[in-house]
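[1] Make a model of this:
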Amino acid sequence: MTPVDDPWENFRDQAQKSIDEILVSYRKNDRVVTRRKGTIKRNGKVFQSDGYAARGFLHKETIYGKRTPPGSNEERFIVRKPVDSLTNSAQIEKIIDPVVRRVITNRLIDLGVDVTARKYDVPKWAFFNIGDDGLKTPLLYMPSKSGKSIPIRKVRIEENLGNAVTVTKDQTQWVNPRNNHHVGIYQHENGRLEEVVVTFWDAVQRKMLGEHVFQRQLENGAKLVNTLQINDLLLLGLSNEALLEELDTRTIRKCLYRVQKLSEGDYYFRLHTESTINRDENGYFSRLSLRRLAELNAIKVQIGPSGKLKLAK
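    Numbers count the residues shown, from 1 in each chain. Presented below is the predicted three-dimensional model:
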């Protein structure tokens, strides 16, 4: 390849200087639901549809049941999984049926797995033989009252879901809300801060009921002072927001972070210039609590179309 000369002297240095002054903005999806109108043809007739659609996944795909396991007085969330999807000790311990769990652990012992260890992995193809034709033949069976051996293909697993919601009127099917829409930060009269995590499911419900998606005040009187959403931008570590006008771009770039992930008690921030989510060194990634966020004097900002930084509304 023929080398190309720089268009002018010091071109690379000037280009790098300009790149170092870029502030990266991130798109946010603030819409929770949208109204949709359409036409439906059924049995030769045309119907007009008018409704609302959520602007994202309301919950994860798995459907859970709810029942009381043997030897327990408490209802638990249950899901059926293929036995060959079990990969570690934590999943084995969650198997509800003790007979099935014993058959599986005995098989692992035969394979040389130390099932008394705190953690262990399940060998691949531990529970099936794979024929030349690709068909799977079960290796595990459990006895039945009729004397016939029943192949174990699926197992019932107990899951701990703290925020499950029902999707049926008879409450026989439950789901795990997929993601958090925002965290509301509230302040009491004595100055104490309180966080409330709102799932996308709850945000959609509020919108459909005509309520504020961002609840302005809690029942205990605490008032909303700030919110955090994915891709929000915050300056961390500055002493005063009044200094914002005095800071040069290079200084801002070192303390401008975007919200990467939100969970109760934990906020995950990544330097706004980072295009990867794999680098976790200091300076590129921070995991902060609400208390630590307040200590760092977090300042929520926005980047306008011209690239200028301003305080968020």
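[2] Please make it C-alpha for all contacts and neighbour counts, starting now.
    Fine.
[3] What score does Val213 have for pLDDT?
    Confidence at Val213, expressed as pLDDT, is 92.
[4] Low-confidence stretches in the protein?
    By pLDDT under 70, the weakly predicted segments of the chain are 240-244, 279-284.
[5] got the residue ranges for the helices in the stretch 51-200 of the chain?
    Assigned by DSSP state H, counting those that start in this stretch, the helices in the stretch 51-200 of the chain fall at 89-93, 98-110, 200-208.
[6] So which elements touch the first one?
    Contacting helix 89-93 under the criterion 3 or more CA pairs under 8 Å, 6 or more residues apart in numbering; DSSP states H and E are the following elements: helix 98-110.
[7] Packed most tightly, which of the helices of the stretch 51-200 of the chain would that be?
    Most buried of the helices of the stretch 51-200 of the chain by mean neighbour count (mean count of other CA atoms under 10 Å) is helix 200-208; its value is a mean of 18.
[8] hmm, back to that, tell me which of the helices of the stretch 51-200 of the chain lies nearest to Ile185.
    helix 200-208 (15.5 Å; CA to CA).
[9] that older thread, let me have the helices of the stretch 51-200 of the chain in a markdown table, extended by distance to Gly307.
    Converted to a markdown table, the helices of the stretch 51-200 of the chain look like this (distance: least, CA to CA, whole Å):
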| stretch | distance to Gly307 |
| --- | --- |
| helix 89-93 | 48 |
| helix 98-110 | 59 |
| helix 200-208 | 30 |
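[10] Out of those, flag the one nearest Ile22.
    Among those, helix 200-208 comes nearest to Ile22, with 32.0 Å by CA to CA.
[11] what comes into contact with the closest one?
    Applying CA atoms under 8 Å, 6 or more residues apart in numbering, the contact partners of helix 200-208 are 32-33, 54, 57-59, 177-182, 212-213.
[12] For PyMOL, write a command that selects the buried ones of these.
    What follows is the PyMOL syntax for the buried subset of these, where burial is set by 16 or more other CA atoms under 10 Å:
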select buried, resi 32+33+54+58+59+177+179+180+181+182+213
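[13] Now flag whichever of the contacts of helix 200-208 is closest to Phe77.
    Pro177 (14.1 Å).
[14] Assess the claim that that closest one and Gly56 are in contact.
    No: counting by CA atoms under 8 Å, Gly56 is not a contact partner of Pro177; they are 11.3 Å apart.
[15] For stretch 103-120, output the C-alpha coordinates as PDB.
    What follows is stretch 103-120, C-alpha atoms only, in PDB (Å, rounded to 0.1, in the frame of the first residue of the first chain):
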ATOM      1  CA  VAL A 103     -29.800 -40.300  41.300                       C
ATOM      2  CA  ILE A 104     -27.900 -37.400  39.700                       C
ATOM      3  CA  THR A 105     -25.300 -37.100  42.500                       C
ATOM      4  CA  ASN A 106     -24.700 -40.900  42.400                       C
ATOM      5  CA  ARG A 107     -24.000 -40.600  38.600                       C
ATOM      6  CA  LEU A 108     -21.500 -37.700  39.300                       C
ATOM      7  CA  ILE A 109     -19.800 -39.800  41.900                       C
ATOM      8  CA  ASP A 110     -19.400 -42.700  39.400                       C
ATOM      9  CA  LEU A 111     -17.800 -40.100  37.000                       C
ATOM     10  CA  GLY A 112     -15.200 -39.200  39.700                       C
ATOM     11  CA  VAL A 113     -16.800 -35.900  40.800                       C
ATOM     12  CA  ASP A 114     -16.300 -34.900  44.400                       C
ATOM     13  CA  VAL A 115     -19.800 -34.000  45.300                       C
ATOM     14  CA  THR A 116     -18.700 -33.100  48.900                       C
ATOM     15  CA  ALA A 117     -16.700 -30.200  47.600                       C
ATOM     16  CA  ARG A 118     -18.200 -26.700  48.100                       C
ATOM     17  CA  LYS A 119     -18.200 -26.100  44.300                       C
ATOM     18  CA  TYR A 120     -17.900 -28.500  41.400                       C
END
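[16] That stretch: how far from the chain's middle?
    Mean C-alpha position of stretch 103-120 versus that of the full chain (CA atoms, centre = their mean, to the nearest Å) differs by 32 Å.
[17] again, but for stretch 121-128
    Distance of stretch 121-128 from the chain centroid (CA atoms, centre = their mean) equals 29 Å.
[18] quick one: contacts of it?
    Contacts of stretch 121-128 with the rest of the structure, by CA under 8 Å, 6+ apart, involve 83-84, 86-89, 107-108, 111, 113, 136-140.
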